[in-house]
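Chemist: Structural data only, the sequence is not supplied:
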């Protein structure tokens, strides 16, 4: 079945208009990639007060200037946290904080996510929960990239590995 030239031209014009519309939207809506917009998203936490997005271990060691029981979970295991470096990827910047309990990765949260456009923000927000689950299941930064989010995946893995290195975990 042959497509008439008119249908092909209309389809091409519609596709061009869609792409142009996305670029115009990104131009008039620049706040879509700010940390404030990212902070309102599930699974994306802001940096702790006074710490910023600096890499390194967060908080004092348990028992040093902390309230009794601070830095320990209900089971009494020591909690240690480190924030990986802020990693630039093809469409923005990303940093994660890793929490370790007894040598095992207990949690991974995104402390900074800034993207250049709304589409990148959406892709990152869909990939981050998958990457978090993979890291927790593997107990390491050695995980597969999320299809369609390879740049985000590489930045996430690099930041996780830097946090693990700061914690001296594997």
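Modeler: Done, it's in. Remember, predicted model here, so these are calculated numbers, not experimental data.
Chemist: which residue packs closest to residue 132, ignoring adjacent ones?
Modeler: The shortest distance from residue 132 to any residue other than its chain neighbours is 5.0 Å, reached at residue 108 (Cβ to Cβ, 6 or more residues apart in numbering). Just so you know, the C-beta spots here come from the backbone N, C-alpha and C atoms, and that holds for glycine as well.
Chemist: number of nearby residues for that neighbour?
Modeler: Using other Cβ atoms under 10 Å, the number of residues around residue 108 comes to 24.
Chemist: bridging residues for it?
Modeler: Listed beta-bridge partners, residue 108: residue 98 (assigned using DSSP bridges).
Chemist: Surely it touches residue 133?
Modeler: No - under the criterion of Cβ atoms under 8 Å, residue 108 lies out of contact with residue 133, with a separation of 9.4 Å.
Chemist: measure the residue nearest to residue 132 to residue 118 for me?
Modeler: As judged by Cβ to Cβ, to the nearest Å, residue 108 and residue 118 stand 24 Å apart.
Chemist: again with residue 151
Modeler: From residue 151 across to residue 118, the span is 16 Å (Cβ to Cβ).
Chemist: Could you do residue 142 as well?
Modeler: Separation of residue 142 from residue 118 (Cβ to Cβ): 31 Å.
Chemist: Kindly report the same for residue 124.
Modeler: The spacing between residue 124 and residue 118, counted by Cβ to Cβ, is 11 Å.
Chemist: Compare the two and say which one has the larger neighbour count.
Modeler: Per other Cβ under 10 Å, whichever of residue 124 and residue 118 has more neighbours is residue 124, with 29 against 17.
Chemist: what's the domain layout of this structure?
Modeler: Partitioning the chain according to automatic domain parsing yields domains covering residues 1-31, 34-166.
Chemist: By mean pLDDT, show me the worst of those domains.
Modeler: Considering the domains of the chain one by one, the lowest average pLDDT is found for domain 1-31, at a mean of 52.
Chemist: Regarding residue 123, which helix or strand does it belong to?
Modeler: With elements delineated by DSSP states H and E, residue 123 resides in helix 118-138, which encompasses its position.
Chemist: list the helices and strands that helix packs on?
Modeler: With contacts defined as 3 or more Cβ pairs under 8 Å, 6 or more residues apart in numbering; DSSP states H and E, the secondary structure elements packing on helix 118-138 are helix 5-28, strand 92-101, strand 104-115, helix 150-166.
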